[in-house]
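Visitor: Fold the stuff below for me.
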Amino acid sequence: MKNNILMTGLMSLLLIGANQAALGGEVGTGGGGGGVTAGCQPVTSLTAKGDSKIGETGLASVQLGWAVKPCTAGQAVRVVTTITKWSTKEVVYSDENAPLNSKITAFVAVRNTYQCTVTVIDVATGAVEGTSTVYASTVPKGGV
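Guide: Below is the predicted model of the structure:
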């Protein structure tokens, strides 16, 4: 029995490590190249928070904040931000020319999960330099 628990714990750690390595590799390569230095991630900060209150009728908000620093000094980049309803893939907010550092609030439907993505694109080549995604939930605490 002890060996089964130990093996289960070890397998869980291996799976977590594999998932982190896969995510790190995807982010580090910049999703398609464009001369990005291995290990460079232009999205230096990304946070999202869903806000819903019990008793509100259908309206909630997602606050999204990000910071971007180009991998190469002097590199011109374009920042694209999107908030997508996870279950339907409906884009509820999009900015094709977002600032390098900013915060926004998007008003959305309550009781949903939203995928918030920042993508950095090299202006000269059009190549994706990096992307980062976080999730925000607007399910009220207490579940009702």
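
Visitor: packing partners for the helix or strand containing Ala60?
Guide: Using DSSP states H and E, Ala60 sits in strand 59-68. The helices and strands touching strand 59-68, judged by 3 or more C-beta pairs under 8 Å, 6 or more residues apart in numbering; DSSP states H and E, are strand 43-51, strand 77-85, strand 91-98, strand 101-109, strand 113-122, strand 128-137. Where C-beta positions appear, they are placed from N, C-alpha and C, glycine not excepted.

Visitor: buried set for the fifth one?
Guide: Residues Tyr114, Gln115, Cys116, Thr117, Val118, Thr119, Val120, Ile121, Asp122 are the ones in strand 113-122 that count as buried (16 or more other C-beta atoms under 10 Å).

Visitor: And the first one, by the same measure?
Guide: Using 16+ other C-beta under 10 Å as the test for burial, strand 43-51 gives Val43, Leu46, Ala48, Gly50, Asp51.

Visitor: Turn the residues you listed into TSV, including distance to Ile104 and pLDDT.
Guide: TSV is the format used below for the buried residues of strand 43-51 (distance: C-beta to C-beta, whole Å; pLDDT from 0 to 100):
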residue	distance to Ile104	pLDDT
Val43	15	97
Leu46	12	98
Ala48	10	97
Gly50	14	94
Asp51	13	91
